[in-house]
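>>> What follows is a protein structure lacking sequence information:
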């Protein structure tokens, strides 16, 4: 399979956004945004929105934290700079796969012995770092309190207004199939076939005139703060970064869960690499944004994103998405 770049085009979206701190359970560590004077070489880069959302579980915080957009291009820039701005970065596992393949991040030594309670790393370049949720968010001020599902997301007749999705096949194609009636457990079986890919793009075509795209989590926040869409897919953490008068809420049913890993840019010196690897393995700083998810045992039918599928198919499906975006409607 030919490899194509993971970088996505920048979008022109509303530029203003305000910040509102979310209130979550006290057992979640309260991370403080680093001051500008913090040494860049001692920073950990974490999931965008996670600091305000208090979704980082860290028994200790030896380094200041800085949020980043999670993109391969930003990781490449950090790894090719004279000095890396971060000691380690929290990345989704598909981005980790590409960064490891391209030599942007370091291959890590195997741990002395596997910890039985700790999942095995999915890549020789990563240390397990938790998971992130992609949820359906809707504007309660315009749509009401009843939570919509992905079928409602496509129902423009009943719920007129713009919709926003991530400008990336990951997550977006799964959502299109679930909106078309595919059960979460069957999504990857169907998406692994040419007919299933065609089905997902036919479903996206139905929404083409109403779609607004976001590329980074910050852009998802801007869409909500500006009211540019009635409903959207978004990382759950971004709901903590809304203005006080913004009334978006999350639907956890058929949300997507993507695994995260810590990666170390290739230009981090060996002595610092050894120190941060020990910290990440011993202290196990993890991302968990499910503190507000339903806890009553209901089946919310969460879809776990398939890292293996995307490692094999991302390049081809990204090329297909770009071709669809530039084709005549």
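Everything's here; your move. Small disclaimer: the values here were computed from a predicted structure and weren't measured.
>>> and the gap between residue 179 and residue 214?
Look at residue 179 and residue 214: by CB to CB, to the nearest Å, they are 18 Å apart. Every residue, glycine included, has its C-beta placed from N, CA and C.
>>> the strands in the stretch 151-300 of the chain, which residues?
Listed in chain order, the strands of the stretch 151-300 of the chain (DSSP state E, counting those that start in this stretch) span 163-166, 211-214, 231-235, 248-263, 286-287.
>>> Mean pLDDT and distance to residue 193 for those - can I get that in JSON lines?
Formatted as JSON lines, the strands of the stretch 151-300 of the chain follow (pLDDT from 0 to 100; distance: least, CB to CB, whole Å):
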{"stretch": "strand 163-166", "mean pLDDT": "98", "distance to residue 193": "22"}
{"stretch": "strand 211-214", "mean pLDDT": "98", "distance to residue 193": "25"}
{"stretch": "strand 231-235", "mean pLDDT": "98", "distance to residue 193": "23"}
{"stretch": "strand 248-263", "mean pLDDT": "96", "distance to residue 193": "20"}
{"stretch": "strand 286-287", "mean pLDDT": "96", "distance to residue 193": "32"}
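>>> now residue 78, what's its secondary structure?
Secondary structure for residue 78, judged by DSSP: H, G, I helix; E, B strand; the rest coil, is helix.
>>> Please report the distance of it from residue 49.
Here residue 78 is placed at a distance of 19 Å from residue 49 (CB to CB).
>>> now residue 324
Separation of residue 324 from residue 49 (CB to CB) stands at 28 Å.
>>> Any regions of the stretch 1-150 of the chain where pLDDT drops low?
Scanning the stretch 1-150 of the chain for pLDDT under 70 picks out 1-41, 113-121.
>>> ok, 80 please
Scanning the stretch 1-150 of the chain for pLDDT under 80 picks out 1-41, 59-61, 112-122.
>>> and residue 179 and residue 214? which has more neighbours close in?
Neighbours were counted for residue 179 and for residue 214 using other CB atoms under 10 Å; residue 214 has more, 26 against 22.
>>> Backbone torsions only: list them for residue 54.
phi 50, psi 40 (degrees, to the nearest 10).
>>> wait, I meant residue 138
The phi/psi pair for residue 138 (degrees, to the nearest 10) is phi -130, psi 150.
>>> Tell me what the nearest residue to it once chain neighbours are set aside is bridged to.
Spatially, and ignoring its direct neighbours in sequence, residue 138 is nearest to residue 231 (4.6 Å; CB to CB, 6 or more residues apart in numbering). Using DSSP bridges, the bridge partners assigned to residue 231 are residue 138, residue 163.
>>> Isn't residue 231 up against residue 143?
Yes: Residue 231 is within contact range of residue 143, at 7.4 Å (criterion: CB atoms under 8 Å).
>>> re earlier: mean neighbour count, the strands of the stretch 151-300 of the chain: which tops it?
Mean neighbours per residue, mean count of other CB atoms under 10 Å, is largest over those for strand 231-235, with a mean of 26.
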